[in-house]
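Participant: Here's a sequence, model it:
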Amino acid sequence: MTNFFLHHHAKRTLIGAVTALVLVSGLAACGHRSHDYSTSMSAEQYAAKRDKMVDKVASKLDLNAEQKKLLAVVGDKMFEQRAALIGQTKDPRAEMKALVAGDKFDAVRAQTLINEKTAAIQTKSPEVIAAMANFYNSLNSAQQQKVREYMDGRGHWFSRG
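Facilitator: Numbering: from 1, shown residues only. Reported below is the predicted structural model:
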């Protein structure tokens with residue numbers, strides 16, 4: 001019975017993390033100037049950034065080669081989802097500013113943007129969730145515990161210290 005609750009808790013945590021990531025990515029895409037990764041980063045630049053992050057996580061979790069590959073797939077799927085969320089625009093901020101450019105808020109265009117973003121999330125999320133599940137399920141119990149501790153705020157994997 002405890003295994004069921006742990007599995008259920010892990011699944012809820014994973015889904016919550018994905019949802020939060022998608023929302024934060026979408027907001028960052030619309031409002032962040034200095035980190036315009038999805039629209040201006042080349043495939044080579046992204047791969048280098050992803051590999052650096054995979055190596056950092058791999059050192060914290062003591063991942064084997066197969067687990068590192070699965071984690072890289074998670075990164076790739078998240079990048080694809082973020083790119084789909086941003087869409088074709090090269091300047092998401094300008095798209096948001098256009099909603100208030102006139103004397104009235106462009107509610108029709110705002111709803112269209114929301115519908116586009118929702119469709120992107122619905123289309124890409126199953127791939128992201130599957131990749132995250134494959135990675136998480138490949139971890140042994142000690143590695144999974146480290147992930148849970150990190151998510152509970154007790155880990156500081158990415159701090160600059």
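Participant: The helix of greatest length in the chain: which residues count as buried?
Facilitator: Using DSSP state H, we find that the single longest helix of the chain is helix 107-138. Of all the residues in helix 107-138, those buried under the rule 16 or more other CB atoms under 10 Å are 113, 117, 120-121, 124-125, 127-129, 131-133, 135-136, 138. C-beta: built from backbone N, CA, C; applies to glycine.
Participant: same for the next helix or strand after that helix, what does it pack against?
Facilitator: Using DSSP states H and E, the helix or strand that follows helix 107-138 in sequence is helix 141-151. Other helices and strands packing on helix 141-151, by 3 or more CB pairs under 8 Å, 6 or more residues apart in numbering; DSSP states H and E, are helix 2-31, helix 43-61.
Participant: What residues sit buried inside the helix or strand following the last one?
Facilitator: Proceeding N to C from helix 43-61, the next assigned helix or strand is helix 65-86, under DSSP H and E. Using 16+ other CB under 10 Å as the test for burial, helix 65-86 gives 67-68, 70-86.
Participant: show me what contacts the residue nearest to Glu66 when sequence neighbours are not counted?
Facilitator: Residue nearest to Glu66 in three dimensions, not counting chain neighbours: Ser138, with 6.7 Å by CB to CB, 6 or more residues apart in numbering. If a contact means CB atoms under 8 Å, 6 or more residues apart in numbering, then Ser138 has 66-67, 70 as its contacts.
Participant: And Ser138, how far from Asp62?
Facilitator: The span separating Ser138 from Asp62 equals 13 Å under the rule CB to CB, to the nearest Å.
Participant: same deal with Lys52?
Facilitator: If you go by CB to CB, the gap between Lys52 and Asp62 works out to 18 Å.
Participant: that older thread, and the helices and strands packed on helix 141-151, which one is worst for confidence?
Facilitator: Taking the average pLDDT of each of these, the minimum falls on helix 2-31, with a mean of 54.
Participant: do you know how far the closest residue to Ala120 other than its chain neighbours is from Lys124?
Facilitator: For Ala120, the nearest residue in space outside its immediate sequence neighbours is Ala84; the separation is 4.1 Å by CB to CB, 6+ apart. Ala84 sits 5 Å away from Lys124, taking CB to CB as the criterion.
Participant: just Lys90 next, same as before
Facilitator: 20 Å.
Participant: Which residue is the nearest non-sequential neighbour of Leu85?
Facilitator: With sequence-adjacent residues excluded and distances taken as CB to CB, 6+ apart, Leu85 is closest to Ala120, at 4.7 Å.
Participant: got the contact list for Ala107?
Facilitator: Under the criterion of CB under 8 Å, 6+ apart, Ala107 has no neighbours.
Participant: Lovely, talk soon.
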